[in-house]
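Asker: Need a 3D model of the following:
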Amino acid sequence: MTEELLISIDIEASGDSPSTGSLLSIGACLVDDPSTAIYLELKPEPDRPWSAEAQGVHGLTADRLERDGLEPAAAMRRLEDWVLNVAAGRRPVFVGFNAPFDWMFVADAFWRYLGRNPFGISALDLKSLYMGRIGVTRWAETRKLHIEERLDIHFKQTHNALEDARDQALLARALLQRGAPAINKPEE
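Answerer: Have a look, this model is predicted:
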């Protein structure tokens, strides 16, 4: 069995999906060592809409990214190189907070620009892990506000992809070190 390496990833985008917005920034760090990290900013894709609402959240501007951002293919090559280098033969596992959102942008970009994805076809969602570990039954209770209260941890939540990836790594460590709740088994 291949050893796994958990990598926390967060992204910022100009829309709600890869077909309605561009992947603008990617932050990634090791769950067990958040100082081992990479941060990339990408040029917006010219054929994708730009959401002023999303810009209000992440603060990245189209003008600056068009000037200073990496071409998407170059950014994905750098991310793949970093992932494979830090994995060093281990299986990299994508870890995200609400992983479906971040995952769809990263997976789409890997396949579109490189024709492959070093993470394979799956991701670990911290919201789902939180629900299982804490015994929460409502999705609404997976908001960071509730998690901070229950686990006594604090998120910076700056919407800088690397800082948010580091916050996610903190949450991942807290959840993975915590035992799973007892499950009531039917009596025999």
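
Asker: For residue 62, the count of nearby residues, please.
Answerer: When neighbours are counted by other Cβ atoms under 10 Å, residue 62 registers 16. Backbone N, C-alpha and C define where each C-beta goes, glycine included.

Asker: you'd agree it is up against residue 44?
Answerer: Yes - counting by Cβ atoms under 8 Å, residue 44 is a contact partner of residue 62 at 5.3 Å.

Asker: what sits in contact with each of the two?
Answerer: 14, 50 (Cβ atoms under 8 Å, 6 or more residues apart in numbering).

Asker: Grab the nearest non-local neighbour of residue 2.
Answerer: Excluding the flanking residues, the one nearest residue 2 by Cβ to Cβ, 6 or more residues apart in numbering is residue 91, at 4.7 Å.

Asker: Now do the strands in the protein.
Answerer: 4-13, 23-30, 37-41, 91-96, 123-125 (DSSP state E).

Asker: Which of these sits closest to residue 148?
Answerer: Among these, the nearest to residue 148 by Cβ to Cβ is strand 4-13 (16.9 Å).

Asker: Tell me what angle the closest one forms with strand 23-30.
Answerer: Between strand 4-13 and strand 23-30, the angle comes out at 160 degrees (axes from the mean of the first three to the mean of the last three Cα atoms, to 10 degrees).

Asker: in its sheet, what does strand 4-13 sit against?
Answerer: For strand 4-13, the paired strands and their directions (DSSP bridges) are strand 23-30 (antiparallel), strand 91-96 (parallel).

Asker: so where is the protein shaky, pLDDT-wise?
Answerer: For the chain, the stretches with pLDDT under 70 are 179-188.

Asker: show me what contacts the closest residue to residue 76 other than its chain neighbours?
Answerer: Counting by Cβ to Cβ, 6+ apart, residue 76 lies nearest to residue 113, which is 4.5 Å off, once chain neighbours are set aside. Contact analysis of residue 113 by Cβ under 8 Å, 6+ apart lists 72-73, 76-77.

Asker: what about stretch 14-29, start to end distance?
Answerer: 22 Å (Cα to Cα, to the nearest Å).

Asker: Now do the buried residues in it.
Answerer: 14-15, 18, 21-29 (16 or more other Cβ atoms under 10 Å).

Asker: what do you get for stretch 69-88?
Answerer: Buried positions in stretch 69-88, judged by neighbour count with 16+ other Cβ under 10 Å: 69-70, 72, 75-76, 79-80, 82-83, 86-87.
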